[in-house]
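Enquirer: Dropping the sequence and predicted coords here.
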Amino acid sequence: MADGTAAMRARVAMYSANQLKLGLFGANCSSGRAVTLVPERWTGSWQDNLRLAQMADEAGLEFMLPVGRWKGYGGDTDYQGATLETVTWAAGLLAKTKRLTVFGTVHAPLFHPVIAAKEFVTADHIGEGRFGLNIVVGWNEGEFEMFGVAQRDHESRYEYGEEWIDAIKRMWSEPDAFDFDGKFIKLKQVRSKPKPYGGTRPVIMNAGASPTGQAFAIRNCDALFSNASRDTLAESAKHVQNVKAKARAYGREIDVYTVGVITCRPTMKEAQDYYRHCVIDHADWRAVDGILALKNITPQTRPDDFEQVRNHFANGMGGIPIIGDPDAVAADLARLSAAGFTGIAVSLVNYADELPYFCDEVLPRLARMGLRQPRS
Ligand SMILES: Cc1cc2nc3c(=O)[nH]c(=O)nc-3n(C[C@H](O)[C@H](O)[C@H](O)COP(=O)(O)O)c2cc1C
C-alpha cells in the first residue's frame with residue numbers, strides 16, 4: 001500500500017480530472033440535510049438513494065457522502081430519524097454504479113477495528129476501488145448512550161481515532177500476522193485478507209473543526225471537510241493553504257473540501273422564494289432547537305446571534321447556502337474553487353427531483369469556466 005503511487009493519487013482524485021469535484025451529502029437520511037416540514041422533503045429510502053446515485057453517476061459527479069447518524073432529532077418530522085447504515089448503503093450503491101466514489105461515515109469508537117477493516121475492504125472490492133471512509137469520532141452524547149458506550153473527552157476521542165485508523169491501515173497493508181499494542185486498542189495475531197482493491201487503500205476523510213480534529217485530519221487523512229461562509233472566503237483561502245502546508249510538513253498531501261446547500265431555480269426570485277418556503281416558513285423548528293440544544297446553542301448562550309444560527313441550522317445544519325439562478329450558483333461554486341477548495345458536498349431538499357436541473361444548467365456553466373470537463 002504505497003500512498004504516493006499513481007494508483008493512489010487517482011483514487012484520491014476520485015478518478016476525475018475535474019478541478020472542482022462535486023458530491024452529494026446526507027442522502028442516506030430522512031429529510032437529508034433540510035430540517036423542513038415540506039411534503040416533498042427527502043425520504044431517504046433505498047429506492048430513492050439508488051435512483052439518485054445512478055443519476056449522479058451518469059452525470060459524472062464525483063462522490064456521495066452519507067451522514068453517520070443512529071437516532072433522529074425528534075421535532076415534528078423526527079428529523080433524520082430513518083437512516084440507512086452507511087457502510088452497507090455504500091456497498092449497495094457501489095454495486096450499482098460505475099464511477100462514483102461512495103463514502104461510509106463511521107464512528108470509530110462504535111466499530112471494532114478488525115470488523116471495520118474487513119467491511120471497508122469488502123465494500124472496496126464491490127466498488128473496484130471506489131469506497132471512501134469518513135472517520136467521525138462522535139459528538140452526540142445520546143447516540144453513544146444508546147450503544148452503552150461512554151464518550152471520551154474531546155482530545156482522547158481523536159487519540160482513540162488515530163489508533164483505530166493506524167490499526168486498520170496495518171490490516172490493509174501487512175502481509176503477515178501482527179500484534180497491535182496501543183493505549184486503547186490491543187489486538188493479537190491479526191490477519192486480514194484480502195487487502196483493499198488494486199494494492200492501494202480507500203480514500204480517507206474527516207471533518208474535524210477543532211484544532212485537534214484538524215490536526216487529526218492533517219496527519220491521517222487525504223481530505224479535510226471544513227465549513228465555509230460567503231463573507232469570510234478570504235479566511236477560508238488562508239485556512240486551505242495552512243492545512244496543506246501543515247500536511248506537507250509531515251510529507252503528506254491533503255485536499256480541503258467544503259459543504260453547501262443548493263437551491264437552484266430558473267430565476268433568482270424563484271430560488272429565494274423556495275428557500276424561504278422550505279427553511280424559514282416551513283422549518284421543523286422543534287427539531288432545529290433540539291439540535292442546537294445538543295450543541296449548547298440557546299438564546300442564553302448565544303444572545304447576540306441565536307436567530308441567525310437557528311436559520312443557518314434549518315438550512316442543512318450548517319454549510320454554505322448557495323441560492324440562485326444557474327449563473328449565480330455556478331459563480332458561487334467558482335468562488336469556492338478560487339478559494340482553494342478541491343470540491344464541495346452539497347445537499348438539496350429533494351435530491352432526486354432537483355439534481356437533473358442542476359446537472360443540465362450548472363454543470364455546463366462550470367465546464368465553460370474550465371472547472372469541469374463537459375459531460376461525456
Ligand atoms: C462534512 C461534515 C460531515 C460530518 N459528518 C458527520 C457524521 O456523519 N456524523 C457525526 O457524528 N459527525 C459528523 N460531522 C461532525 C465532525 O466529524 C466533527 O465532529 C465536527 O465538525 C466537530 O469538530 P471537532 O470534532 O473537531 O470538534 C461532520 C461534519 C462535517 C463538516
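Expert: On my side now, so go ahead.

Enquirer: For residue 258, see how far away residue 335 is.
Expert: Remark: distance between residue 335 and residue 258 (CB to CB, to the nearest Å) = 11 Å. C-beta: built from backbone N, CA, C; applies to glycine.

Enquirer: Is the residue nearest the centre of the chain bridged to anything, and to what?
Expert: The centroid of the chain falls nearest to residue 65 when counting by CA atoms, centre = their mean (4.2 Å). Beta-bridge pairing of residue 65 under DSSP bridges involves residue 25.

Enquirer: what about residue 335 and residue 258, which has more around it?
Expert: In this view residue 335 and residue 258 are compared by other CB atoms under 10 Å, and residue 258 has more residues nearby, 25 against 16.

Enquirer: and that one, helix, strand or coil?
Expert: strand (DSSP: H, G, I helix; E, B strand; the rest coil).

Enquirer: give the contact list for it.
Expert: Under the criterion of CB atoms under 8 Å, 6 or more residues apart in numbering, the neighbours of residue 258 are 225-228, 236, 319-320, 336, 341, 343-345.

Enquirer: Return the subset of the residues you listed lying in helices.
Expert: 236, 336 (DSSP state H).

Enquirer: Next step: the contacts of residue 258 restricted to strands.
Expert: Counting by DSSP state E, the part of the contacts of residue 258 found in strands is 225, 320, 343-345.

Enquirer: want to throw those residues into CSV with distance to residue 374?
Expert: Listed next are these as CSV, based on distance: CB to CB, whole Å:
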residue, distance to residue 374
225, 27
320, 26
343, 18
344, 19
345, 22
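
Enquirer: Which two among these are spaced furthest apart?
Expert: Across those, the longest distance by CB to CB is 13.0 Å; it joins 320 and 343.

Enquirer: Give me the local confidence score for residue 376.
Expert: Looking at residue 376, its pLDDT reads 67.

Enquirer: So residue 195 lies in a helix, does it not?
Expert: No. The assignment for residue 195, made by three-state DSSP, is coil rather than a helix.

Enquirer: Neighbours of it, how many?
Expert: For residue 195, the count of nearby residues is 19 (other CB under 10 Å).

Enquirer: Without its sequence neighbours, what residue ends up closest to it?
Expert: In this structure, residue 195 finds its nearest non-sequential neighbour in residue 172, 5.8 Å apart by CB to CB, 6 or more residues apart in numbering.
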